[in-house]
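Q: Sequence and predicted structure are below.
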Amino acid sequence: MLWVLACGAAAFSPSLNHGAASTQRLAATLDAPTTSTRAPIFTEVCSQTGITLSRFMIEATVANPQLAELESIFSAIETAGKTISNLVRRSSLTGLTGYLDSGNVNVQGEEQKKLDVITNDVLKNALKFTGRMGVLASEEEDAPVEVDDDVESRYDSILVERTAGQYVAVFDPLDGSSNVDAGIPTGTIFGIFEDSNAECEVLPDGSIVDECLGKTLQPGANLVAAGYILYSSSTFLCFTLGAGTHMFTYDEHIGEFVLTDPDVKIPSRGKIYSFNEANCQEWDEPLQKYVNGVRTGTGETSTKYSSRYIGSMVGDVHRTLLYGGLFGYPADKKNVCGKLRLLYEAAPMSFIVEQAGGKASTGRTRILDINPTNVHQRVPVVLGSADDVSELLGLYGETDKAGDIYQEE
Ligand SMILES: O=P(O)(O)OC[C@H]1O[C@](O)(COP(=O)(O)O)[C@@H](O)[C@@H]1O
């Protein structure tokens, strides 16, 4: 509806000085309550390939005052993305390959790469100095970090409209970093929540959920924006603001991200499945049945699918968005909750995929509906073309009815 409204509405002229009808509509927009629950409306300009990200965000935030603060946040993400793209591409020339000499491990017990730590600092600082962030949560940080007061107080005086520190960012600064030294695509994944005004809370078991944690532990359905940056043959930025999913490509010649695929629609069916099949013995029956069906052409479509697996979620999801099919990191007898983290991997990617017309599930639950209980919690993930995901969910439904289920944490 949004796009038809936006694209179909001849009233919205490409230039910013709108005709009478668009002024009325803009007026209506301006008067509308500024809540993130209202889906944004885009002007026609936002579907014109070739416009820059900064122009896209200006158009989007003029038409949607409730998104105004996202303009500086996306400008920070853009700058961080360009910096990280450079760092990754030049890493073997600049001694940035390999692990930290200190042998540091992050809260997940993974040894940290030099680039894990550097990219984390790049994105953290870029977001911090927008003056818009209250809390940041990263794969590379043990716990959510509060943006220190002096940053906030410095901006309080500047930012007249809304108080500083209004947003919470969750991110994986370099997804797939285990592949980076081999030149395999990697990426940055991010999600933006509005501050939930959560207070410090004592749980029945006596443990304390501090304010920061409380503000961070929000279901994906609360996201106001989510995206990824893919560092590959080109550098791609793909994101949603809750009204469609849009892809930009970085043009080194002008130093800007340029809109190349507005309003991406994932095919309802694909011909590719993407899982780490090395784990297939550990998979549960529904998934084994689904993969066997698409591998042998005995599934719902009687089509033989091909298999692709990069081992970097951003790369595998990017391909799935464009070509369709199914990507996943399921739960199995070894990893009963899968491997991917809910807050800064599964939820942002699910928002992007759903806004492109796809589906994202644990196999039993819509990922965006899950209330996180821990910043680094993992969830099983299957996402992609709506009909492929439905086919798999159908098999889970059958199995569950038969009572053969294992408990997700
Ligand atoms: O090597 P495996 O077990 O297939 O896992 C690959 C998955 O793990 C990840 O690399 C995890 O991400 P990080 O590199 O951010 O820890 C995903 O990008 C990818 O989908």
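A: Looks like it came in fine.
Q: domain assignment for this protein?
A: By the assignment in automatic domain parsing, the chain contains the domains 68-261, 272-403.
Q: What's the end-to-end length of the longest one?
A: Looking back up the chat, that one is domain 68-261. 23 Å (C-alpha to C-alpha, to the nearest Å).
Q: Dump stretch 347-354 to PDB, restricted to CA.
A: What follows is stretch 347-354, C-alpha atoms only, in PDB (Å, rounded to 0.1, in the frame of the first residue of the first chain):
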ATOM      1  CA  ALA A 347      16.100  -9.700  14.200                       C
ATOM      2  CA  PRO A 348      17.500  -7.000  11.900                       C
ATOM      3  CA  MET A 349      17.800  -9.400   9.000                       C
ATOM      4  CA  SER A 350      14.200 -10.700   9.600                       C
ATOM      5  CA  PHE A 351      12.900  -7.100   9.400                       C
ATOM      6  CA  ILE A 352      14.700  -6.500   6.100                       C
ATOM      7  CA  VAL A 353      13.500  -9.800   4.600                       C
ATOM      8  CA  GLU A 354       9.900  -9.300   5.800                       C
END
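Q: got a list of contacts for it?
A: Stretch 347-354 is contacted by residues 170, 189-191, 219-220, 223, 226-228, 238-240, 242, 245, 266, 313, 317, 320-321, 359-360, 366-368, 370, 372, 381, 383-384 when judged by C-beta atoms under 8 Å, 6 or more residues apart in numbering. Just so you know, the C-beta spots here come from the backbone N, C-alpha and C atoms, and that holds for glycine as well.
Q: which residues sit in contact with the closest residue to Ser390 other than its chain neighbours?
A: Sequence neighbours aside, Lys359 is the residue nearest to Ser390 in space, at 6.9 Å (criterion: C-beta to C-beta, 6 or more residues apart in numbering). Contacts for Lys359 (C-beta under 8 Å, 6+ apart) come out as Val353, Arg366, Leu383, Gly384, Ser385, Ala386, Val389, Ser390, Leu393.
Q: Neighbour-wise, give me the winner out of those.
A: Of all these, Gly384 has the most neighbours under the rule other C-beta atoms under 10 Å, reaching 31 neighbours.
Q: Let me know whether it touches Gly324 as I believe.
A: Yes - with contact defined as C-beta atoms under 8 Å, Gly384 reaches Gly324; the gap is 6.8 Å.
Q: shared neighbours, those two?
A: Ile266, Gly270.
Q: most centrally placed residue in the chain?
A: Pro348 (2.9 Å; C-alpha atoms, centre = their mean).
Q: Which neighbouring elements make contact with the helix or strand where Val317 lies?
A: Using DSSP states H and E, Val317 sits in helix 313-323. Judged by 3 or more C-beta pairs under 8 Å, 6 or more residues apart in numbering; DSSP states H and E, helix 313-323 is in contact with strand 186-194, strand 223-231, strand 235-240, strand 272-274, strand 326-329, helix 347-355, strand 381-384.
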